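Enquirer: what follows is a predicted protein model with its sequence.
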Amino acid sequence: MSVVKLTEPIVSFFRPPVVEVVAGLSLSDPAPEFSVVLGSFWKDRLRGKFPLLQQQPPYSPPQESFREFEGRGDIHFQFGAQFPAPRLWATTEDGSELIQLQAEWFARNWRKVTPDGEYDRWATRREALSDSYAQLSDYLEREDFSTPDIGQCEVSYINHIDLTDLGLDHGSLSRVVKISEGELDPFPLEQVTLQLAFAIRDEEPLGRLHFAVKPALNSTGKPIYIIELTARSVPGEFTLESALAFLDRGRHAINSAFVALTTAEMHETWGRDK
């Protein structure tokens with residue numbers, strides 16, 4: 001792979017193919033009855049705006065650790081009880097806005113559910129997470145429950161690259177991402193899966209930026225690449241304010257990485273007026 005700089009400036013005219021943005025908080029040591037309280041929270045506070053409720057498999061966020069940093073040891077938290085708690089999805093009527101409710105996990109999602117759906121930018125996503133979590137904290141206080149500490153925080157951007165529209169296929173990753181692909185003559189390359197991890201740090205490690213590309217098929221069976229970028233950290237203090245501060249930084253790292261790791265050909269495609 002060629003060397004790229006994550007400090008390259010963000011190109012403001014980009015319209016990258018974002019299909020989902022997730023901003024989430026891992027909660028540590030919730031009370032045993034917390035799952036039941038979350039169901040009541042949806043009924044009393046969320047149902048008017050998020051009327052649809054689904055049960056999903058539990059989510060266990062990967063836990064970041066920094067073994068190479070001397071003097072601090074691993075950053076490691078154990079969330080939850082012996083049995084995983086159910087995860088609830090509360091969604092708006094059109095499905096574009098989603099709140100994830102789980103004893104160890106709280107998140108806000110934006111999803112592109114129609115072809116003309118357009119991502120509404122980070123400031124709105126940040127405010128949505130902050131406001132929803134404040135609602136939860138207020139509800140817990142009124143119900144005489146303590147709000148769990150925030151053990152980790154993360155933000156993810158998921159992009160779908162429609163290869164057919166670009167005249168590409170699953171063997172064309174170097175046209176999308178800045179990599180050097182090997183060729184085995186006379187066997188052409190058919191698929192590539194890519195995973196990278198970058199440290200986000202000052203004098204001490206703060207978190208990691210994960211960059212992953214994998215081949216997939218869309219709902220019509222056409223080839224796409226899914227590019228997912230996630231910034232994840234243990235906040236300096238186990239508070240919403242500390243988590244939001246890292247999420248701001250993580251979102252900037254995601255933008256910088258997306259620009260630095262994708263090709264000029266894609267930049268031109270995503271910046272073109274349509």
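Expert: On my side now, so go ahead. Residues are numbered from 1 along each chain as shown.

Enquirer: residues contacting the residue sitting nearest the centre point of the chain?
Expert: Nearest residue to the geometric centre of the chain (CA atoms, centre = their mean): Ser156, 1.6 Å. Ser156 makes contact with Glu20, Val21, Val22, Gly24, Glu228, Leu229, Thr230, Ala231 under the criterion CB atoms under 8 Å, 6 or more residues apart in numbering. Heads up, the C-betas are built off the backbone N, CA and C, glycines and all.

Enquirer: doesn't the first one fall inside a strand?
Expert: Yes: looking at Glu20 with DSSP: H, G, I helix; E, B strand; the rest coil, it is inside a strand.

Enquirer: pretty sure it is touching Arg108, no?
Expert: No: the criterion here is CB atoms under 8 Å, and Glu20 misses it with Arg108 at 11.3 Å.

Enquirer: Glu228 sits in which helix or strand?
Expert: Element membership of Glu228, judged by DSSP states H and E, is strand 223-233.

Enquirer: who's in contact with stretch 230-239?
Expert: Stretch 230-239 is contacted by residues 28, 61-62, 64, 75, 77, 149-157, 200, 206-210, 242-243, 245-247, 249-251, 253-254 when judged by CB under 8 Å, 6+ apart.

Enquirer: verify the contact between Ala31 and Phe145 for me.
Expert: Yes: using CB under 8 Å, Ala31 and Phe145 qualify as a contacting pair, with a distance of 6.5 Å.

Enquirer: what subset of the contacts of Ser156 is buried?
Expert: Buried members of the contacts of Ser156, counted by 16 or more other CB atoms under 10 Å: Glu20, Val21, Val22, Gly24, Glu228, Leu229, Thr230, Ala231.

Enquirer: quick check: which element contains the fourth one?
Expert: Gly24 is part of strand 18-28 when elements are defined by DSSP H and E.

Enquirer: which strands and helices sit next to that strand?
Expert: Here strand 18-28 touches strand 105-111, helix 122-142, strand 149-162, helix 240-261, going by 3 or more CB pairs under 8 Å, 6 or more residues apart in numbering; DSSP states H and E.

Enquirer: so what's Ala212 bridging to?
Expert: Gln195, Glu228 (DSSP bridges).

Enquirer: my guess is it contacts Gln195. True?
Expert: Yes: counting by CB under 8 Å, Gln195 is a contact partner of Ala212 at 4.8 Å.

Enquirer: shaky segments in this protein?
Expert: 1-14, 67-84, 180-185, 272-274 (pLDDT under 70).

Enquirer: now with 50, please.
Expert: 1-4, 6-9, 11, 69-81, 273-274 (pLDDT under 50).

Enquirer: ok, the residue lying farthest from the centre of the chain to Tyr139 distance?
Expert: For the chain, the residue at maximal distance from the C-alpha centroid (CA atoms, centre = their mean) is Pro186, at 39.0 Å. As for Pro186, its distance to Tyr139 is 64 Å (criterion: CB to CB, to the nearest Å).

Enquirer: and what of Leu173?
Expert: Distance from Leu173 to Tyr139, counting by CB to CB: 46 Å.

Enquirer: contacting residues for the residue farthest from the centre of the chain?
Expert: Neighbours of Pro186 in contact, by CB under 8 Å, 6+ apart: none.

Enquirer: cool, Arg251 as well?
Expert: Residues in contact with Arg251 (CB under 8 Å, 6+ apart) are Trp122, Arg126, Val155, Ala231.

Enquirer: wait, the third one touches Leu247, no?
Expert: It stands for Val155. Yes: assessed by CB under 8 Å, Val155 is found in contact with Leu247 at 5.0 Å.

Enquirer: list the contacts of Pro61.
Expert: Pro61 is in contact with Gly24, Ser26, Phe79, Trp105, Gln152, Glu154, Arg232, counting by CB under 8 Å, 6+ apart.
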